[in-house]
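>>> need a structure here:
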Amino acid sequence: MFLGTYSPRLDEKGRLILPAKYREELAEGLVLTRGQERCLYVFSVREFERVHEQLRAAPLSSKQARDYIRVFLSGASDEVPDKQGRVTIPPPLRDYAGLDRELAVIGAGTRVEIWDAQAWNEYLNEKEAVFSDTEEEVVPGLF
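Numbering: from 1, shown residues only. Just a heads-up that it's a prediction; the model follows:
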């Protein structure tokens, strides 16, 4: 499970050093793709295969499903971290997420998310108030 928030920097070659806690799970390879809210999703290969199977179950007759699958998969890039735990983020994905040098890398359970640091801070500031006011109906049985 991926947990926590980290603040790495993107180097001049568009590489990110993965947080040490994430490296073992992602060492054999990972898939980067467009995420929602203009971040990037990072999946282990195994988890991406599971997500892909769920996508395959969507009916081809659903325009919304087709649109989502196209955007999600067309931006996907499979990568293997180097010996220092660095992974290259392709330019189209950097552009999509508006990544500058300062990043926020967060654990989101089954995936990692990569955000531009300023965008993450703005998102978090906005959502923390909503988080405090969340009622049981949003996540039934959580507490």
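>>> Got the phi and psi for the residue most central in space within the chain?
For the chain, the residue nearest the mean C-alpha position is Tyr41 (1.8 Å; C-alpha atoms, centre = their mean). Dihedral pair for Tyr41: phi -100, psi 140, per degrees, to the nearest 10.
>>> Contacts only, for it.
Applying C-beta atoms under 8 Å, 6 or more residues apart in numbering to Tyr41 gives the contacts Leu32, Thr33, Arg34, Gly35, Arg111, Val112, Glu113. C-betas here are computed from N, CA, C, even on glycine.
>>> who's in contact with the nearest residue to it once chain neighbours are set aside?
Of all residues not flanking Tyr41 in the chain, Gly35 sits nearest, at 3.9 Å (C-beta to C-beta, 6 or more residues apart in numbering). Neighbour list for Gly35: Tyr41, Ala97, Glu113 [criterion: C-beta under 8 Å, 6+ apart].
>>> And Gly35, what's its pLDDT?
Looking at Gly35, its pLDDT is 96.
>>> So what's the residue count around the residue nearest to Thr33 when sequence neighbours are not counted?
Using C-beta to C-beta, 6+ apart and skipping residues adjacent in sequence, the residue nearest Thr33 is Ala76, 4.1 Å away. Ala76: 16 surrounding residues under other C-beta atoms under 10 Å.
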